[in-house]
Each structure stands twice: as C-alpha cells, then as structure tokens.
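Asker: Can you look at this prediction? I've put the sequence above it.
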Amino acid sequence: EKVSRWAQALTLLSAAPMTAVRFDARSLCAAIAACGSASFARGWCWAIWLLSKVPHSAEGPRPDTVACNAAISALSMSTCWEKALGMLNVLSSWQLKSTTVTFNACTSACEKARLWRFPLDLIRKMWASATSLAGAVCCSLSPDVVTYSAAISACEKGFHWHLSLGLLQGISSEQVAPIDVSYLTGSRL
C-alpha cells in the first residue's frame with residue numbers, strides 16, 4: 001500500500017495546475033514525505049524533484065523549512081548524506097531558517113552512512129548559531145537528545161568510543177535529558 005502512495009501523491013500534485021484543485025504547503029510536505037518513505041531505493045529522487053519544481057511554479061505553495069526537512073529526511077532514509085548536507089545550503093539560498101529538526105535529519109543521514117565527523121561539525125554549527133546578548137546566551141538552535149543520540153551512534157559506528165563518551169557528558173552538562181538509546185549506545189562502547 002505504501003508503495004503506491006508516493007505515486008498517487010505525484011499524480012495529484014502534477015494534475016493540480018490543470019484542475020481547480022489547489023494544494024498547500026501541507027500537501028507538498030506530505031507528498032515529499034511519501035516519496036521519501038517509498039520502498040524503492042530512489043524515492044528520494046522524487047522528493048527532491050518535487051521540492052525543486054515548486055519554487056518555479058506560478059501558483060501553489062513555496063517550499064518552506066518543513067518541506068525541506070521532509071526532503072532531508074527522505075535523503076537520510078536513502079543514506080544520501082552528501083545531498084542531505086547540501087540541503088543546508090539550499091535552505092540558506094532560499095532564505096529559509098534551519099531548525100533543530102533540519103540538523104537532526106542531517107545528523108541522522110551521516111549516522112546511517114557511518115560518518116562521525118560531520119555530526120560533530122553539525123553540533124558545533126548549532127552551538128555557533130547562538131548569539132551572546134549582554135552575557136546571556138540566546139540560542140536559535142540547540143542540539144537536542146535526537147541530535148546527540150545520532151552523533152553518539154555515528155561515533156560508535158566509526159569506532160570513536162571516546163567521542164561518544166564525550167557527547168554523553170555533553171548531554172549531562174547541557175541539561176538535555178538523555179534517552180535510553182544514548183545510554184545503550186554508550187554502554188556498548
């Protein structure tokens with residue numbers, strides 16, 4: 001059943017300009033997510049195709065951060081980590097703000113590809129987005145338990161257990177509530 005959903009989503013969206021049917025940003029996100037969860041290896045291609053076609057259409061929704069996050073998640077499911085990281089530049093060029101969800105999806109893509117350096121860089125970038133205002137830190141992006149768990153898992157898969165343990169300490173010192181997965185990963189080290 002899921003296999004046919006992405007095809008139905010593409011059919012509906014492609015027929016919209018020729019009919020009175022209007023689709024909104026939610027429809028776009030749902031179609032991108034359906035393509036990303038397609039049970040064939042290249043579902044991410046359709047997700048990216050949808051995302052790339054929408055900004056050029058005269059009518060209909062313009063892609064937003066949520067749509068881009070759905071595309072990054074589709075890339076993550078297919079271990080297309082380079083394309084997932086490239087989407088960070090796309091968001092910036094479209095003048096959209098990355099969110100913690102954006103970085104989590106990129107971190108997850110790297111983790112699935114067994115890359116440990118990029119998740120650490122992404123966490124650093126998230127903290128670098130914090131600005132200091134009269135001594136108070138105002139964070140626009142903060143790594144959360146999902147960010148840390150994916151980074152810990154990536155370090156573990158890359159046989160860098162000492163980095164995983166450092167990230168576990170970071171979770172504790174930054175008052176992020178670690179979930180069981182983080183501790184399970186750390187306990188296997």
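Answerer: That came through fine. Numbering: from 1, shown residues only.

Asker: Give me the buried positions along the helix or strand that contains Trp49.
Answerer: Element membership for Trp49 (DSSP states H and E) is helix 43-53. Within helix 43-53, the residues scored as buried using 16 or more other CB atoms under 10 Å are Gly43, Trp44, Cys45, Trp46, Ala47, Ile48, Leu50, Leu51. All C-beta atoms are positioned from the backbone trio N, CA, C, and that covers glycine.

Asker: and of these, the nearest to Ser164?
Answerer: Trp44 (28.0 Å; CB to CB).

Asker: mind checking pLDDT for the closest one?
Answerer: As predicted, Trp44 sits at a pLDDT of 81.

Asker: Tell me which stretches of the protein form strands.
Answerer: Taking DSSP state E as the criterion, the chain carries its strands at 131-133, 136-138.

Asker: Pull out the buried residues from stretch 156-173.
Answerer: Buried residues in stretch 156-173 (16+ other CB under 10 Å): Glu156, Lys157, Gly158, His160, Leu163, Ser164, Leu167, Leu168, Gly170, Ile171.

Asker: The second one contacts Arg114, correct?
Answerer: Yes. The pair Lys157 and Arg114 passes the contact test of CB atoms under 8 Å, sitting 4.5 Å apart.

Asker: what's the residue nearest to Ser78 when sequence neighbours are not counted in contact with, if anything?
Answerer: Of all residues not flanking Ser78 in the chain, Trp44 sits nearest, at 4.4 Å (CB to CB, 6 or more residues apart in numbering). Neighbouring residues of Trp44 by CB atoms under 8 Å, 6 or more residues apart in numbering: Cys35, Gly36, Ala71, Ala74, Leu75, Met77, Ser78, Cys80, Lys83.

Asker: what residue ranges in this protein score low on pLDDT?
Answerer: 1-7, 9-10, 12-23, 38-41, 53-61, 130-140, 170, 172-189 (pLDDT under 70).

Asker: in it, which spans are helices?
Answerer: 2-15, 25-36, 43-53, 65-77, 81-93, 100-112, 117-128, 145-157, 161-173, 180-187 (DSSP state H).
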